[in-house]
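>>> show me the folded form of this:
(2 chains)
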Amino acid sequence: MTFLRRFFIRLSHLATGWSADQRLQDEIAEHLAFQTEENLRAGMSPAEARRQATLKLGAAQAIREHHHAEHSIPLIENLLFDLRYAVRMLLRSPGFSFIAIATMALGIGATTAIYSVIDATLLHPLPYPSPAQLVRVVDDLPGVGAQGVGISVPEWRDLESSGIFQSAAITGTGANVNLTGSAQPLRLSFKQVTPNYFAVLGVAAQLGRTFDPHDATPGYNLEVVISDGLWRREFGADAHILGKALRLDNDLYHVVGVMPRGFRDQGSTSDEQNVELWLGAGFAGVPFPPPQRDSRLRSRAVLARLRPGLSVAAAQGRLDALVASLKKQYPAEYPAQTAWTVRLIPLSESVVGSVRQSLILLFGAVGLVLLISCVNVANLLLARASLRGREIAVRQALGAQRTRLIRQFLAESLLLFLLGGIAGIGILFGTGHFLLRLIPESLPHLNDISINWGVLAFALAVSVAAGTVFGLAPAWLMSRFDLIGTLRQEGRGSSGSRERSRARQILVTSELALSLVLMVASGLLLRSFWDLFQVQPGFNPDRVMAIQTWLPGPNDPTMDPYRTATQEAVLLREILRRSRTLPGVEEAAIGDEAALPLGHSQPTRLPLIREGIETMDNQAPVIDSPIVSPEYFHLLGMPLLRGRLFHDQDLEDTPQVAVINQAAARTYWPNQDPLGKRVRLHLDTRGLVSSAKPAWTTIVGVIADARTESLADAVIPQIYRSLYQRPSKDLAIFLRGQLDPGAISAQVREQIQSVDPGLPVFHAETLDEVLSDSLSVRRFSMEIVAFFAATALLLAGLGIYGTISYVVNEQRREIAVRLALGAQRGNILKMVLRRGVGLAAAGAGLGVAGALIVSHLMAGLLYGVSPTDLTTFAGVTLVLTTLALAASYIPALRAMRLDPITTLHSE
Amino acid sequence: MKEKPDVLQGTLALMVLKTLDVLGPQHGWGIARRIEQISGDLLAVNQGTLYPLLLKLEHEGSIASEWGASENNRRARFYRLTGTGRKQLQAETREWEQTAAIIARFFKVKAEDLT
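The predicted structure follows:
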């Protein structure tokens, strides 16, 4: 308490400091007058009287200063002084200040930019209350190599009653639905969820209500909750929307609630987050198949909220016990060879897991850039110290304390770094709009990226921390002047400067090393990207466009005009016929969304039951199963290797046929001829209603492998079926030819809607775009890291140039003497260059060691290139050495051309 | 030459308070001279140190000050004891006497008294 009171007294003194000091001065003067008078009376001469009085009083100035020190907060006061001084010093050398501030602006601005992305994605990924309790529940069948196989309704009920969760909800993974009745049929992203979904997330509606968590309707409860965006866009924020009927895929639903403005569905991509309709369903009645323990609802995810206080690990332990007891209880449903397991994944992890590594790499890269910027500025500060040597020496001679000097230099560097930080944030604010466009759309939480208070605080903290750390060393070295030596040599070089010169060399070496690390990282990323870009995808995306449409799927199958393959085939053939008449179209084909190469977020995986091997769904491996029209393979240039492709005579009532790729043949029929083998694919939920027992499908052809799932992944097994035998709702129309991307969408819409005006047409893209989008996150990180590496290289070049120039400047007397004594100019050049090469070699050595560590850490981001790729390492080292040589050459040339007479005279 | 003893920490404040108590309002030089007279030149008060102390005491509320005119019509700042200061003086006087008494007793004790 006393301390606090004293502090406040001192603080008030800071304000009234001047008056107290003035009073002290007045009183001392008054005292002296009294004493002098007394002394005069005692018979002294006026001069002696005054002298004696002063002697008796003691050192008045010291008393004042002592009092001042005791009654002020020297730190703050000195800081103000130091800052004022620092501002003056910065203004005195505007060139230096500008370069230093610009360097820091770059470093801190870039770091803040990346941090704002990380802040939005990794640090605040979930906009729900108590997000740490939210988990995804994922079922795996590791025994047959299947992951995320979905959950059956009885299993979900087991989870609900297990006591591990507050509640657990089944959610669809997001799909499309047609909203008809407005001017254009709209394709909207919707999600079917169990009614307790919003209760699990812990979010209430802004208008109306969400679903009743205890609603036990087995099928759709015909209630719909809509997003704020849809409400404003399509319904003009109508306050009376509640109870309004919406026709979705020909079924009538009633709006019961509108979600709040900021609410976004969970999911990692903006596509998944932009769900605009939520339909409540029990997943246990029509149109869903009857709940059976072994009929897992594929492409259904489970989202659950853990009981408070239960950690994910503890919950996983209890869940494992539950799984073990269920396996014992239902041995037929859980055959041992599938090794059924259930995993809990924190929701935050499942949302950002895919980009975490890229973001951490970017943050690491930007950290290196920041470090290099700091080192560069520290270097500049040191360089300036030699210019200010005399000033510092004089101030020391006048009695300036060393700590005081250090504090002052520190204030200067802090000011520089802070100004740099502020400039960086300013630039970021100015260009943020432009920068956001560089970020790939597939990044999670793209829309949440902003420069908020947390980001600002981060930038300021970085500036202050960097300013302190990188200002302290130069300040310390600067204050260590050899007083006498410096003054005698008139500040032209001093014994203290050797130490500073060594410090500068260490700084430059580390700068070179850091930039080498960055360059290696960017080189490896560049090579990976290039390899991916050059990879033969196995299909020909040239001049191909894909345009999507969606056929409605009413809950009552009898209401569906495209219920059977035969019914749908009529529509499809008509769409194809009309599409071929469009200008420029050479070929046309149709496939489902899974057939869209690289363009679908989730592949449709179905269990593959091979005749004579598997007997049940839950024993079977899962396989990607696109559905295509016969023209598809030719249009995409996927060659047939054996057997035959589909033809127009493969119809609903003819034997079911399938085409597989080589990878499927290798994986499922090793060393056998797959032609003629029969398989059964578990049919999706709608199919099960119509045909309880799917017929055998015969494999009739094998096509060459194509990287339709991911350019980076090795080829994935695929089994293709014909659209004319297997109807599908999510369709993509593929067109090849000289197409006008701007007009084709409208032309196709016109043709499709002249067949069925209720069908929406959306997402017209060229396959080249799809291909390039699939690499967007990789391209983004590669471009950013390459930009950082280039910056680092530039800074390192400037650093080495500055250091060698400095060394030459320090040694110009020595060089002049050598020249006067007859040294060859070539030798002088060599002497200086040797310095540069020495620095470069040390930097490269350290850098290669660092780069080896970093490249192994980022191995997961590389494709087709080894982390120790010799070409990259050698190339980068060569570039860096060349740069170092070039940067040293200019000062070396200057040293060589030194005129000994002028130099020696001027000393 | 023997150094004059330094004023014990804190005793100068007590001396100032006592001086003001005895003499009534006084200006700084008057206080300094008074202390010098009483201590009989045995105490080296660096007169300058008095003024920061006066400021401090005033800040703590033990004394108050105002401008006035001295006997030879010089403008001077006069210090006087406040109520708080008087109480403080009494308390510190008691404390000092106690301390002095204890120390005195220690000096009086001879070796044989302890056996």
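
>>> just checking, next helix/strand downstream of the helix or strand that contains A:F81?
Secondary structure assignment for A:F81, by DSSP states H and E: helix A:74-92. Downstream of helix A:74-92, the next assigned helix or strand under DSSP H and E is helix A:94-118.

>>> for that next one, buried residues please.
Residues of helix A:94-118 classed as buried: A:96-97, A:99-118 (neighbour count, 16 or more other Cβ atoms under 10 Å in any protein chain shown). (Glycine included, C-beta is placed from N, CA and C.)

>>> before we move on, what about stretch A:520-535?
Applying 16+ other Cβ under 10 Å to stretch A:520-535 flags A:V520, A:A521, A:S522, A:G523, A:L524, A:L525, A:L526, A:R527, A:S528, A:F529, A:L532 as buried.

>>> again with stretch A:818-825
By neighbour count on 16+ other Cβ under 10 Å, the buried set for stretch A:818-825 is A:R818, A:L819.

>>> for stretch B:85-95, same thing?
B:G85, B:Q88, B:L89, B:E92.

>>> could you do stretch A:402-410 as well?
Of the residues in stretch A:402-410, those scored as buried under the neighbour-count criterion (16+ other Cβ under 10 Å) are A:R404, A:L405, A:I406, A:R407, A:Q408, A:F409, A:L410.

>>> let me see the mean pLDDT of the helix holding A:F81.
Mean pLDDT, helix A:74-92: 79.

>>> contacts for it?
Here helix A:74-92 makes contact (Cβ atoms under 8 Å, 6 or more residues apart in numbering or on different chains) with A:14, A:17, A:97, A:404, A:407-408, A:410-412, A:414-416, A:419.

>>> any chance of a markdown table for these, columns pLDDT?
Shown next, in a markdown table, are these (pLDDT from 0 to 100):
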| residue | pLDDT |
| --- | --- |
| A:L14 | 57 |
| A:G17 | 55 |
| A:S97 | 87 |
| A:R404 | 79 |
| A:R407 | 82 |
| A:Q408 | 82 |
| A:L410 | 85 |
| A:A411 | 86 |
| A:E412 | 86 |
| A:L414 | 88 |
| A:L415 | 90 |
| A:L416 | 89 |
| A:L419 | 93 |
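
>>> export these as a markdown table, with columns for distance to chain B and secondary structure.
Shown next, in a markdown table, are those (distance: Cβ to the nearest Cβ, whole Å; DSSP: H, G, I helix; E, B strand; the rest coil):
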| residue | distance to chain B | secondary structure |
| --- | --- | --- |
| A:L14 | 14 | helix |
| A:G17 | 12 | helix |
| A:S97 | 41 | helix |
| A:R404 | 23 | helix |
| A:R407 | 25 | helix |
| A:Q408 | 27 | helix |
| A:L410 | 31 | helix |
| A:A411 | 29 | helix |
| A:E412 | 33 | helix |
| A:L414 | 33 | helix |
| A:L415 | 34 | helix |
| A:L416 | 39 | helix |
| A:L419 | 39 | helix |
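
>>> ok, so of the buried residues of stretch A:402-410, who is nearest A:L186?
The shortest gap between A:L186 and any of the buried residues of stretch A:402-410 belongs to A:L410, at 62.0 Å (Cβ to Cβ).

>>> in chain A, which helix or strand is least confident?
Taking mean pLDDT, DSSP states H and E as the measure, the helices and strands of chain A show their lowest mean at helix A:685-690, namely a mean of 41.

>>> next SSE after that helix?
From helix A:685-690, the next helix or strand downstream (DSSP H and E) is strand A:697-703.

>>> could you list every helix and strand in contact with the helix or strand just after that following strand?
Proceeding N to C from strand A:697-703, the next assigned helix or strand is strand A:719-722, under DSSP H and E. Using 3 or more Cβ pairs under 8 Å, 6 or more residues apart in numbering or on different chains; DSSP states H and E as the contact criterion, the neighbours of strand A:719-722 among helices and strands are strand A:627-628, strand A:656-661, strand A:678-681, strand A:697-703.

>>> just the buried residues of the last one, please?
When neighbours are counted by 16+ other Cβ under 10 Å, the buried residues of strand A:697-703 are found to be A:T697, A:I699, A:V700, A:G701, A:V702, A:I703.

>>> can I get those in CSV with distance to A:F190?
Formatted as CSV, the entries for the buried residues of strand A:697-703 read as follows, by distance: Cβ to Cβ, whole Å:
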residue, distance to A:F190
A:T697, 30
A:I699, 35
A:V700, 36
A:G701, 36
A:V702, 38
A:I703, 34
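
>>> residues from chain B in reach of chain A?
Within chain B, the residues that sit near chain A (Cβ under 8 Å from any Cβ of the partner chain) are B:27-29, B:32-33, B:46-49, B:51-52, B:54-55, B:59, B:70, B:72, B:74-77.

>>> now with 6 Å?
Near chain A, the residues belonging to chain B are B:G28, B:W29, B:N46, B:Q47, B:G48, B:Y51, B:P52, B:A76 when assessed by Cβ under 6 Å from any Cβ of the partner chain.

>>> go through those and say which is closest to A:A199.
Minimum distance to A:A199 across these is 70.4 Å, recorded for B:P52 (Cβ to Cβ).

>>> I am finished for the moment; much appreciated.
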